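> let me see the structure of the following:
(chains A, B, C and D)
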There are 2 protein chains.
Amino acid sequence: MTTLSGPSARRPRATMRDVAARAGVSLKTVSRVVNREAGVSDLLAEKVRAAAEELNFQLNAGARNLRRSDGRTGTIGLLLENVANPFSSAVHRAVEDVARLRGVAVLAGSLDGTPQRERELVATFTSRRVDGLVLMPAGADHAYLVPEQRAGTALVFVDRAPGRLDADVVLTDNRQGATGGVAHLLDRGHERIGFLGDLARIATASERYDGYVEALRAPGRPVSADLVARDVATVEAADMATTDMLTGPDAPTALFTAQNLVTIGAVKALRRLGRQHEVALVGFDDFLLGDLLDPPVTVVAQDPDAIGRAAAEQLFRRIDGDHGPFTMQVVPTRLIERGSGEIPPLRRVAS
Amino acid sequence: MTTLSGPSARRPRATMRDVAARAGVSLKTVSRVVNREAGVSDLLAEKVRAAAEELNFQLNAGARNLRRSDGRTGTIGLLLENVANPFSSAVHRAVEDVARLRGVAVLAGSLDGTPQRERELVATFTSRRVDGLVLMPAGADHAYLVPEQRAGTALVFVDRAPGRLDADVVLTDNRQGATGGVAHLLDRGHERIGFLGDLARIATASERYDGYVEALRAPGRPVSADLVARDVATVEAADMATTDMLTGPDAPTALFTAQNLVTIGAVKALRRLGRQHEVALVGFDDFLLGDLLDPPVTVVAQDPDAIGRAAAEQLFRRIDGDHGPFTMQVVPTRLIERGSGEIPPLRRVAS
DNA sequence: CGTAGCCTTGACAACGTTGTCGGCGCAGTT
DNA sequence: AACTGCGCCGACAACGTTGTCAAGGCTACG
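Prediction:
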């Protein structure tokens, strides 16, 4: 640790009063100039601008908001599963880009799937009087948001719908995406398709499972219990579950992995077993570098960018005063064929 | 798009005045209860709490901050290269975790390498009177922050040092990391080691190059111009540069790629040429799933978590009133051997 | 029994800004 | 010459909260 010179003496911030005094005008005139209101002569406006510049004046957004009639802070809150996870952070970026066009700042936070943290963060943000909240919810009951909503805070849910609360929502078409992924494998002739999914209590995970079942039911295939592993929550668990499934009797010729980490675990297992070119694999959720693996991994990709954008746009419509009925937007998934999902079924040896 | 029922009638927020009226006490007493100040009888405190609860009272943080003597907003700003990139978002998460312990909210934004955006975001955040700013700077001149710093905003730079401004800084040891990565290849007997790096004008990129040169100079090896490609800024450019380097005369037996995307481009090129098991590769910066590739990629990993944590902790020390000299913290890198960096040199055929 | 001192409580000003309103000066009209 | 209307400007109150201070009631002590 190197030591440099320390911070120098503190100089307090200039206020409008200071600017007014230096420019020789009233405080209200400064306010008018700063807010670009009409009705100030060019001469005075110029003086004010010069004074503001010299004093490094910067409007105090808190004070402004306190007095303003529209009550807007120009700040929104964004509650994500985890700011560091690729899906969440892609949504974050999309929301930021929309907010940036309006000069709106974004408060962000991670929930880690804990409802308590959701409530804490909501409180932290609303006490700062955010104009709106985009939330990827952790909890299942959002009745606690009713007063907030009534007070005028715009609410848009992403990825999962709110519980016990009506609000705008933007969702991925999980069921349809899963159905499509499994159908892709069926189309290639696979009959025994294994399912590995995240915790069943998570709504999205269970919708994906429903999609899997639906895809099999359509052509009248059975859903076999030994080909289904739910509640697989980590890479390691997915690795183990995959290994078990593939080394058991009547092993599947293809796998549908319904979540990112599960897909990674399955890839590891397939690789260790040396069967990555033999067992087909379709994963839900794209992941960075999926195309660099061998074989490259076919995925049902979500579109976090579209989700974030749609959510932010809806949020700002509400903030702008749209009082129309609540909306539900469903963002389609896209099947990206890269190789692993196009492996044909291994012919079965008659016993 | 499905239509649900619309938002219901607006009900304005309760203020301390409302709570006071309902509890039959003065406004100041409510303030005391809300702030857990001593000297309120249990009876009144209970009445106030009940009234606050019934009215869903929530303190207005803006108004509080306006009046408070310490002038703290309990909010910090975080300027990152891009909230969606893995390095930035890992730093983000670490900062959030430290902030969360103190109930501090985090405003975050992306700079995309543009100094103008940096200034805009700084203005957006400081006008909201953040207590401090953690910045991964895009610009090279930070003199514009002097008034802000003097006004009492804590500043901590991460990943790159500030220009024309003294402030605390947390850096990765780029030079040393690069030296270590290249030395690792030299140790394995490689003599011709190619360098591919990001834009030379970026400080971190140039430090990594310096580290490469230093590693070669130590045992007295030459730095050959045709083994160096700088200013490689995209995956595609890296792919091309790698291809050129490997198909040229006197091709290297090992590559040191000094940035994430450059490493990915090199992996693609090696794979296309079918030489991924023959040419050694060490990359700077870990990347998700580097261990799933074939061969798994050996990297010099940065520690974004440690960087973010150190930055946030330093920031809060300043916010808490530490007026000591500015500090520079250097976070070490770690070499992760996965396979690609341990490939021995191909014996040269005598011509 | 008087008084000092503590505990509890509330009145009031202030934070930095914007909304409202009224005043002044000047041009144009009768 | 008096009036009207408009353009420009400033005084003042208010936003929701906290800091300061003083008032009132009580206890404890001489």
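
> list the contacts of A:R22.
Neighbouring residues of A:R22 by CB atoms under 8 Å, 6 or more residues apart in numbering or on different chains: A:A51, A:E54, A:L55. C-beta: built from backbone N, CA, C; applies to glycine.

> for A:V95, same thing?
Counting by CB under 8 Å, 6+ apart, the residues that A:V95 touches are A:I76, A:L78, A:V106, A:V134, A:G308, A:R309, A:A311, A:A312.

> do you know how far it is from A:I202?
22 Å (CB to CB, to the nearest Å).

> quick one, strands of the stretch 201-350 of chain A?
Ranges of strands in the stretch 201-350 of chain A, per DSSP state E, counting those that start in this stretch, are A:228-229, A:254-257, A:280-284, A:298-301, A:327-331, A:334-336.

> could you report the neighbour count for the residue nearest to A:F87 when sequence neighbours are not counted?
Of all residues not flanking A:F87 in the chain, A:P304 sits nearest, at 5.2 Å (CB to CB, 6 or more residues apart in numbering or on different chains). A count of nearby residues for A:P304, using other CB atoms under 10 Å in any protein chain shown, gives 24.

> A:V106 now?
Neighbours of A:V106 (other CB under 10 Å): 24.

> over to the one 5 residues further on?
A count of neighbours around A:L111, defined by other CB under 10 Å, yields 24.

> measure the residue lying closest to it once chain neighbours are set aside to A:S69 for me?
Nearest residue to A:L111, sequence neighbours excluded (CB to CB, 6+ apart): A:A138, at 4.0 Å. Computed as CB to CB, the A:A138 to A:S69 distance reads 35 Å.

> give me the more crowded residue out of those two.
A:A138 (21 against 5).

> contact partners for that one?
Residues in contact with A:A138 (CB under 8 Å, 6+ apart) are A:E81, A:L111, A:D112, A:G113, A:T114, A:P115, A:R117, A:E118.

> among those residues, which ones are buried?
Among the contacts of A:A138, those buried by neighbour count (16 or more other CB atoms under 10 Å in any protein chain shown) are A:E81, A:L111, A:R117, A:E118.

> for the last one, which three-state class applies?
When the structure is reduced to helix, strand and coil (DSSP: H, G, I helix; E, B strand; the rest coil), A:E118 reads as helix.

> helix, strand, or coil at the nearest residue to it once chain neighbours are set aside?
Closest residue to A:E118 apart from its sequence neighbours, by CB to CB, 6+ apart: A:A138 at 4.6 Å. Recorded secondary structure, A:A138: coil (three-state DSSP).

> contacting residues around A:A123?
A:A123 neighbours (CB under 8 Å, 6+ apart): B:Q58.

> wait, A:A167
A:H142, A:L145, A:Q149, A:L155, A:V156, A:F157, A:F326.

> how many neighbouring residues does whatever residue of the stretch 101-250 of chain A ends up closest to DNA strand C have?
Nearest to DNA strand C, among the residues of the stretch 101-250 of chain A, is A:R129, at 13.3 Å (CB to the nearest atom of the strand). With neighbours defined by other CB under 10 Å, the count for A:R129 comes to 22.

> I figured it hits B:N60, correct?
Yes: counting by CB atoms under 8 Å, B:N60 is a contact partner of A:R129 at 6.5 Å.

> can you confirm A:D141 is in a helix?
No: counting by three-state DSSP, A:D141 falls outside a helix, being coil.

> and chain A, which residues reach DNA strand D?
A:25-29, A:38-41, A:43-45, A:63, A:66-67 (CB under 7 Å from any atom of the strand).

> and those, which two are the farthest apart?
Across the residues of chain A next to DNA strand D, the longest distance by CB to CB is 30.9 Å; it joins A:L43 and A:L66.

> the two: which is more packed in?
A:L66 (17 against 8).

> dump the residue contacts of the closest residue to DNA strand D within the stretch 201-350 of chain A.
Across the stretch 201-350 of chain A, the shortest distance to DNA strand D (CB to the nearest atom of the strand) belongs to A:I319, at 18.6 Å. A:I319 makes contact with A:R72, A:D131, A:G132, A:A154, according to CB under 8 Å, 6+ apart.

> again, only using 7 Å
Contact analysis of A:I319 by CB atoms under 7 Å, 6 or more residues apart in numbering or on different chains lists A:D131, A:G132, A:A154.

> how about A:R128?
So A:R128 contacts A:T75, B:A61, B:G62, B:T75, B:A105 (CB under 7 Å, 6+ apart).

> what is the burial count for the second one?
Yep, that's B:A61 we're talking about. If you count neighbours by other CB under 10 Å, B:A61 ends up with 21.

> filter the residues of chain A next to DNA strand D down to the buried ones.
For these, buried by 16+ other CB under 10 Å: A:V25, A:T29, A:V40, A:L44, A:A45, A:A63, A:L66.

> chain B next: which of those residues are close?
Checked against chain B using CB under 7 Å from any CB of the partner chain, those yield the following neighbours: A:A63, A:L66.

> does chain B sit close to stretch A:174-194?
No: using CB under 7 Å from any CB, stretch A:174-194 never reaches chain B; the gap is at least 14.4 Å.

> now do the buried residues in that stretch.
A:174-186, A:188, A:190, A:192-194.

> roughly how far apart are A:M16 and A:K28?
9 Å.

> just to revisit the earlier point, nearest to A:A20, out of the strands of the stretch 201-350 of chain A?
Of all those, strand A:327-331 comes closest under CB to CB, at 46.4 Å.

> ok, that closest one: who's next to it in the sheet?
strand A:168-172 (parallel), strand B:2-3 (antiparallel) (DSSP bridges).

> coming back round to it: of the contacts of A:A138, which pair is most distant in space?
Longest span within the contacts of A:A138, CB to CB: A:E81 and A:P115, 12.6 Å.

> returning to that earlier point: for the residue of the stretch 101-250 of chain A closest to DNA strand C, phi and psi?
phi 60, psi 50 (degrees, to the nearest 10).

> for it, give me its contacts.
By CB under 7 Å, 6+ apart, the neighbours of A:R129 are A:N65, A:T73, B:N60, B:G62.

> quick one: which of the residues you listed sit in helices?
Residues from those lying in helices, with DSSP state H as the criterion: A:N65, B:G62.

> quick one: which of the contacts of A:R129 is nearest DNA strand D?
Closest to DNA strand D, out of all of these and judged by CB to the nearest atom of the strand, is B:N60, at 3.6 Å.

> just the pLDDT at that closest one, thanks.
Here, the pLDDT recorded for B:N60 equals 97.

> residues in contact with it?
A:R129.

> and A:A23, by the same measure?
By CB under 7 Å, 6+ apart, the residues touching A:A23 are A:V30, A:K47, A:V48, A:A51.

> I'd like those residues as a markdown table, with neighbour count, secondary structure and pLDDT appended.
Output for the contacts of A:A23, formatted as a markdown table (neighbours: other CB atoms under 10 Å in any protein chain shown; DSSP: H, G, I helix; E, B strand; the rest coil; pLDDT from 0 to 100):
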| residue | neighbour count | secondary structure | pLDDT |
| --- | --- | --- | --- |
| A:V30 | 29 | helix | 97 |
| A:K47 | 19 | helix | 96 |
| A:V48 | 25 | helix | 97 |
| A:A51 | 21 | helix | 97 |
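
> closest to DNA strand D among the residues you listed?
A:V30 (8.0 Å).

> for B:A269, see how far away that closest one is.
Distance from A:V30 to B:A269, by CB to CB: 60 Å.

> next one: A:L66
Between A:L66 and B:A269 the computed distance is 58 Å (CB to CB).

> helices of the stretch 51-200 of chain A, start to end?
For the stretch 51-200 of chain A, helices defined by DSSP state H, counting those that start in this stretch occupy the ranges A:61-67, A:86-101, A:115-126, A:146-150, A:174-187.

> what about the last one, distance to the chain center?
Read that as helix A:174-187. 23 Å (CA atoms, centre = their mean, to the nearest Å).

> now the angle from that helix to strand A:327-331?
20 degrees (axes from the mean of the first three to the mean of the last three CA atoms, to 10 degrees).
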